[in-house]
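Enquirer: Sequence and predicted structure below; questions after.
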Amino acid sequence: MNNCVETARLGGPGSGGADSGGTLLAVRDSKDVDRPPLRFSATAWTTFVAGLDGPQVS
């Protein structure tokens, strides 16, 4: 399959990130490292991952 994503934490409290804690997460396709990563607040990423086990969105 070789479907893989990489995540990295960017910044921390007080670094001016998108959520109240200031933490941003970068997400990229490990097979296409030349493309810029997508950036999410820690809250948005946690919500997305939690939803993967939930009901399908239509």
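Expert: Received it, and whenever you're ready, just let me know what you need.
Enquirer: When you work out contacts or count neighbours from here on, use the C-alpha atoms and nothing else.
Expert: Fine.
Enquirer: Show me where the chain dips below the pLDDT cut-off.
Expert: 1-2, 12-22, 55-58 (pLDDT under 70).
Enquirer: Mind doing that once more with 80?
Expert: Under the criterion pLDDT under 80, the flagged ranges of the chain are 1-3, 11-22, 53-58.
Enquirer: Where do the strands of it begin and end?
Expert: With DSSP state E as the criterion, the chain has strands at 5-10, 24-29, 38-41.
Enquirer: counting contacts, what elements does the shortest one pack onto?
Expert: I take that to be strand 38-41. Using 3 or more CA pairs under 8 Å, 6 or more residues apart in numbering; DSSP states H and E, the elements in contact with strand 38-41 are strand 24-29.
Enquirer: Contacts for the strand it packs on, please.
Expert: 4-12, 17-18, 35-42, 45 (CA atoms under 8 Å, 6 or more residues apart in numbering).
Enquirer: What is the neighbour count of the nearest residue in space to residue 27 that is not next to it in sequence?
Expert: Leaving aside its sequence neighbours, residue 27 sits nearest to residue 7 (CA to CA, 6 or more residues apart in numbering; 4.5 Å). Residue 7: 14 surrounding residues under other CA atoms under 10 Å.
Enquirer: Fine by me, we can end here.
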